[in-house]
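S.K.: Fold the following, please.
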Amino acid sequence: RIIQVSPASTLPSSQMALLYSKKFMLGISAMTLITSAASVYLFPRITLSIAGTGWFLLFSAWKNDVQEKAKEFTSTSPRFDKVSYRHVRIPKSVSYRIFFPAHTEHERFQRMAGSWFHSSFAEMVYGYAQLALPRSMSPEESIWGLSILFVLKGIALLVPTSYLSVPNLIKGAPAVTLISSSIVGKSNKKEDDKSADEKHSSTSSSSSSKGQQLPVVVFSHGLTGTAEEHTLMFSEIARAGYIVAACHHEDGSSSRVIKENGKAAYFDTPDYANGVSTDFRANQILKRRQELESVRRHVLKESASDIQELMDTTKVILAGFSYGAATAALESVTNKEQYLAVVLWDGWYHVDLRYLETRGIKLNGRSRFDFPEKAHKDGIQHPALFIGSTQFAAWPPLAEATSQLIATASEKKAIVLDSSTHEQ
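M.R.: Numbering: from 1, shown residues only. Next up is the predicted model:
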């Protein structure tokens with residue numbers, strides 16, 4: 001089934017948070033600066049008061065503008081009005097976020113907006129900053145790393161991104177209940193016009209028969225990414241009538257992830273210059289696949305009862321972005337019988353390290369190979385949707401490997417989004 005989701009809703013949240021009207025922002029900023037400058041000259045004693053008021057107005061306008069922009073990338077005709085999410089930890093394994101259509105009959109749930117971030121905006125930004133810092137600079141190991149995180153948290157308090165909520169996503173709500181052909185938890189005009197007694201009678205009389213259950217999507221994020229990046233997309237997919245389980249990979253490919261012991265783990269950069277094998281990614285993706293499999297097993301067998309009753313365990317779809325697409329491809333050929341279809345979004349299907357040799361680095365192993373090798377060898381054996389970017393399609397080695405992988409699928413659709421980059 002085709003779901004209509006705006007391409008822009010797939011943008012990472014860090015980019016979505018920066019969508020705002022530049023002209024509007026420049027106008028407000030100019031007014032604030034002029035007001036502050038005038039107050040310094042005319043009323044020096046109330047400068048802070050004026051500046052504070054100006055910043056408050058700017059902050060409020062900025063936050064409202066960003067929030068309204070985010071709403072433009074949501075579906076206008078979803079199957080479900082609202083969705084909710086939970087953070088789930090698998091014992092001795094990874095954690096994941098699960099998104100599902102929400103029961104919003106109780107008014108208190110409608111006021112509990114869902115956040116993009118599991119921890120905080122500042123900690124997510126620090127995860128990306130850590131990519132350029134030595135491993136010894138993590139907050140857990142260095143006072144300097146802790147100081148940087150402290151400064152980022154202070155700055156984050158002044159940035160609207162920290163306070164953004166995802167449109168139509170609420171926290172703490174139970175899953176909808178499917179009863180016959182109707183859905184409890186999604187209001188409509190006819191139901192609203194009924195009396196309370198009529199509603200109770202209607203619900204009670206048909207509570208013994210379940211309605212159509214929902215397919216499950218198991219998702220793997222990309223290299224240096226996090227599952228948080230795609231929160232708006234997951235929310236929209238859930239509104240279309242799916243349950244989405246997004247894995248937080250702990251194999252060293254995420255910019256930042258919280259492990260079972262409560263400590264943060266950061267991106268693990270392979271040190272090829274000091275003899276690390278060029279098969280680093282080929283070995284790492286094996287662990288990623290195991291993590292993705294553990295999410296699938298857990299969500300199908302160990303989910304909370306309200307979600308368990310909602311899902312159709314015979315319809316599981318694998319999906320992933322970039323490194324996650326390669327991970328999903330590997331899992332699909334490893335556990336063929338467990339999945340109904342695969343969605344592979346701008347996959348990383350070829351490792352090419354020859355650029356390191358041009359820098360004088362002697363590599364320990366082969367310099368290039370198609371990736372993951374088992375997926376290329378066995379071929380994609382499920383109905384598959386390949387979504388690509390013009391950026392990746394313009395790189396010959398990767399484009400060739402992608403075409404070869406697409407050719408192995410007997411039932412497929414492949415599209416390249418016009419004028420698109422890998423991140424957008």
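
S.K.: For the rest of this, base every contact and every neighbour count on C-alpha atoms.
M.R.: Will do.

S.K.: Phe80 touches His103, doesn't it?
M.R.: No. The pair Phe80 and His103 does not pass the contact test of Cα atoms under 8 Å, sitting 9.7 Å apart.

S.K.: and Gly360, that's in a helix?
M.R.: No. Gly360 sits outside any helix when classified using DSSP: H, G, I helix; E, B strand; the rest coil, being coil.

S.K.: Now the phi/psi pair for it, please.
M.R.: Per-residue torsions, Gly360: phi 90, psi 10 (degrees, to the nearest 10).

S.K.: Now for Ile380: which residues touch it?
M.R.: Ala329, Ser332, Val333, Leu405, Ile406, Thr408, Ala409, Ser410 (Cα atoms under 8 Å, 6 or more residues apart in numbering).

S.K.: err, Val333, not the other one
M.R.: When contacts are counted by Cα under 8 Å, 6+ apart, Val333 is found next to Lys374, Ala375, Asp378, Gly379, Ile380, Gln381.

S.K.: Looking at Trp116 now. What's its pLDDT?
M.R.: With respect to pLDDT, Trp116 scores 68.

S.K.: The nearest residue to Pro270 once chain neighbours are set aside: neighbouring residues, count only.
M.R.: If you skip the residues right next to it in sequence, Pro270 has Val276 as its closest partner in space, 6.5 Å away by Cα to Cα, 6 or more residues apart in numbering. In terms of burial, Val276 registers 13 neighbours under the definition other Cα atoms under 10 Å.

S.K.: any idea how far Val276 lies from Thr358?
M.R.: Here Val276 is placed at a distance of 17 Å from Thr358 (Cα to Cα, to the nearest Å).

S.K.: cool, Val176 as well?
M.R.: 57 Å.

S.K.: which among the contacts of Ile380 gets closest to Leu398?
M.R.: Comparing those against Leu398 with Cα to Cα places Leu405 closest, at 10.5 Å.

S.K.: May I ask you to confirm that the closest one belongs to a helix?
M.R.: Yes. Note on Leu405: a helix contains this position according to three-state DSSP.

S.K.: follow-up on the earlier one: in terms of neighbours, single out the busier of Val176 and Thr358.
M.R.: Between Val176 and Thr358, counted using other Cα under 10 Å, Val176 has the larger neighbour count: 24 against 9.

S.K.: The residue nearest to that one when sequence neighbours are not counted: neighbour count?
M.R.: Across the structure, with Cα to Cα, 6+ apart as the measure, the residue nearest Val176 apart from its sequence neighbours is His103 (4.3 Å). Other residues near His103 number 24, with proximity taken as other Cα under 10 Å.

S.K.: Could I get the pLDDT score of the residue nearest the centre of the chain?
M.R.: The residue at the geometric middle of the chain, judged as the C-alpha nearest the mean C-alpha position with Cα atoms, centre = their mean, is His230 (2.3 Å). Note on His230: pLDDT of 89.

S.K.: Check the gap between it and Ser305 for me.
M.R.: Here the criterion is Cα to Cα. By it, His230 lies 26 Å from Ser305.

S.K.: and if you look at Pro383?
M.R.: 30 Å.

S.K.: In its sheet, which strands sit next to the longest strand belonging to the chain, and in what direction?
M.R.: For the chain, the strand that runs over the most residues, judged by DSSP state E, is strand 311-321. According to DSSP bridges, strand 311-321 has the following sheet partners: strand 214-220 (parallel), strand 341-345 (parallel).

S.K.: from the chain's centre, how far out does stretch 385-401 sit?
M.R.: Relative to its parent chain, stretch 385-401 has a centroid offset of 22 Å by Cα atoms, centre = their mean, to the nearest Å.

S.K.: tally of neighbours for the nearest residue to Ala329 once chain neighbours are set aside?
M.R.: Distances taken as Cα to Cα, 6+ apart put Ala375 closest to Ala329, at 6.0 Å, once the chain neighbours are dropped. Using other Cα under 10 Å, Ala375 has 23 neighbouring residues.

S.K.: Kindly report the same for Asn168.
M.R.: Applying other Cα under 10 Å, we find 20 other residues in the vicinity of Asn168.

S.K.: now swap in Asn283 and tell me
M.R.: The number of residues packed around Asn283, counting by other Cα under 10 Å, is 12.

S.K.: For the one helix or strand it maps to, the averaged confidence score.
M.R.: Asn283 is part of helix 280-301 when elements are defined by DSSP states H and E. Averaged over helix 280-301, pLDDT sits at 96.

S.K.: just stretch 89-105 next, same as before
M.R.: With pLDDT averaged residue by residue, stretch 89-105 scores 90.

S.K.: Output that stretch as CSV, restricted to C-alpha atoms.
M.R.: Once side chains and other backbone atoms are set aside, the C-alpha atoms of stretch 89-105 remain, and they are given as CSV (Å, rounded to 0.1, in the frame of the first residue of the first chain):
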residue,chain,number,x,y,z
ARG,A,89,14.9,-1.3,26.3
ILE,A,90,15.7,-4.9,25.3
PRO,A,91,17.6,-6.6,28.2
LYS,A,92,21.2,-7.1,27.3
SER,A,93,20.7,-5.6,23.9
VAL,A,94,19.6,-2.3,22.2
SER,A,95,16.7,0.1,22.8
TYR,A,96,14.2,1.2,20.3
ARG,A,97,11.4,3.7,19.9
ILE,A,98,8.0,2.4,18.9
PHE,A,99,5.4,4.6,17.2
PHE,A,100,1.7,3.6,17.0
PRO,A,101,-1.8,5.2,16.5
ALA,A,102,-2.9,6.6,19.8
HIS,A,103,-6.1,6.5,21.8
THR,A,104,-6.8,10.2,22.5
GLU,A,105,-10.3,10.0,24.1
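
S.K.: elements contacting the helix holding Asn283?
M.R.: Counting contacts by 3 or more Cα pairs under 8 Å, 6 or more residues apart in numbering; DSSP states H and E, helix 280-301 packs against strand 214-220, strand 243-248, helix 323-334.

S.K.: With Arg288 as the reference, name the closest of these.
M.R.: In this view, the helices and strands packed on helix 280-301 are compared for proximity to Arg288 by Cα to Cα, and helix 323-334 is the closest at 6.5 Å.
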